[in-house]
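A.B. asks: Okay, here's the prediction I keep looking at, along with the sequence it came from:
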Amino acid sequence: MKIKKISLLLLSLSFLCLSSCKSLKNLAFSNQPIDTLSYSGSDLLSGTYSNAPDTSVNKIAIGPHYPSFSQTSLFNKMSFRKQNTANPEKQKLCISILSKNRLKLILLEENKPVEELTIRGKFASGYFYGRQKIFLLPFIPLLWGYRFERFRIGRSGEHLIINFRTNQWAFGLFFGYSENGTFSGLYRKDTK
């Protein structure tokens, strides 16, 4: 009997986790044409981009309950970081394709490398989808929670488009917390 209860609990928690992060398909800017990306045409994605969003073309699209406008750095979104003390307007991000499922990111400040990161993902439906980040707190019944984050990037002319979604939920003894958020931004390609 105890095994059935544990199995049922694990099955329901697995279903909750798998169904909690929605698709990124509905997050794209409706007035921006998308250049179709694939691994064979990956040179479209390679380049150096501004680390701060370009608001002259489109306003930043931030969904409900998103933490703040200050966390709009392209490097932070792709590396799943929450804060960066540096000024993103003074930084650039160099993206290069390593393989069909890996990108190399180099954060530049005054044309000097500050940080380097390799991310995994895949090319699909004209975008590069980064691997989903999952964080679980499995201390049932004292503390239970999860956080899912995912992003995709694409090209539109001389801009990089990023769509980012987060979903988190936690429960501990007598209190709970829930937050869902979306972000879409355009980042200008550096022509210098």
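C.D. replies: Cool, the structure landed.

A.B. asks: From the contact counts, what lies against the strand or helix carrying Gly176?
C.D. replies: Gly176 is located in strand 175-188, with elements delineated by DSSP states H and E. Packing partners of strand 175-188 (3 or more CB pairs under 8 Å, 6 or more residues apart in numbering; DSSP states H and E): strand 47-50, strand 61-62, helix 74-79, strand 159-172. For glycine as for every other residue, the C-beta is placed from the backbone atoms N, C-alpha and C.

A.B. asks: Sheet partners, orientation included, of it?
C.D. replies: Strand pairing for strand 175-188, using DSSP bridges, gives strand 61-62 (antiparallel), strand 159-172 (antiparallel).

A.B. asks: one step back: among the helices and strands packed on strand 175-188, which is nearest Glu179?
C.D. replies: If you check each of the helices and strands packed on strand 175-188 against Glu179 by CB to CB, strand 159-172 wins as the nearest, at 5.1 Å.

A.B. asks: mean confidence for the closest one?
C.D. replies: For strand 159-172, mean pLDDT rounds to 83.

A.B. asks: want to try JSON lines for the helices and strands packed on strand 175-188, with mean neighbour count and distance to Arg150 as columns?
C.D. replies: Converted to JSON lines, the helices and strands packed on strand 175-188 look like this (neighbours: other CB atoms under 10 Å; distance: least, CB to CB, whole Å):
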{"stretch": "strand 47-50", "mean neighbour count": "19", "distance to Arg150": "20"}
{"stretch": "strand 61-62", "mean neighbour count": "18", "distance to Arg150": "16"}
{"stretch": "helix 74-79", "mean neighbour count": "21", "distance to Arg150": "10"}
{"stretch": "strand 159-172", "mean neighbour count": "20", "distance to Arg150": "6"}
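
A.B. asks: for these, which one sits closest to Ile140?
C.D. replies: strand 159-172 (9.3 Å).

A.B. asks: in this structure, which spans are helices?
C.D. replies: 2-19, 74-79 (DSSP state H).

A.B. asks: Averaging pLDDT over each of the ones you listed, report the lowest-scoring one.
C.D. replies: helix 2-19 has the lowest average pLDDT among the helices of the chain, namely a mean of 61.

A.B. asks: What's the separation between the closest residue to Leu143 other than its chain neighbours and Phe148?
C.D. replies: In this structure, Leu143 finds its nearest non-sequential neighbour in Gly172, 4.4 Å apart by CB to CB, 6 or more residues apart in numbering. Distance of Gly172 to Phe148, computed by CB to CB, to the nearest Å: 19 Å.

A.B. asks: quick one: Phe171 from Leu142, how far?
C.D. replies: 10 Å.

A.B. asks: ok, Ile95 touching Leu108?
C.D. replies: No. Counting by CB atoms under 8 Å, Ile95 does not reach Leu108; the two are 11.2 Å apart.

A.B. asks: if I look at those two, which residues touch both of them?
C.D. replies: Both Ile95 and Leu108 are contacted by Thr48, under the criterion CB atoms under 8 Å, 6 or more residues apart in numbering.
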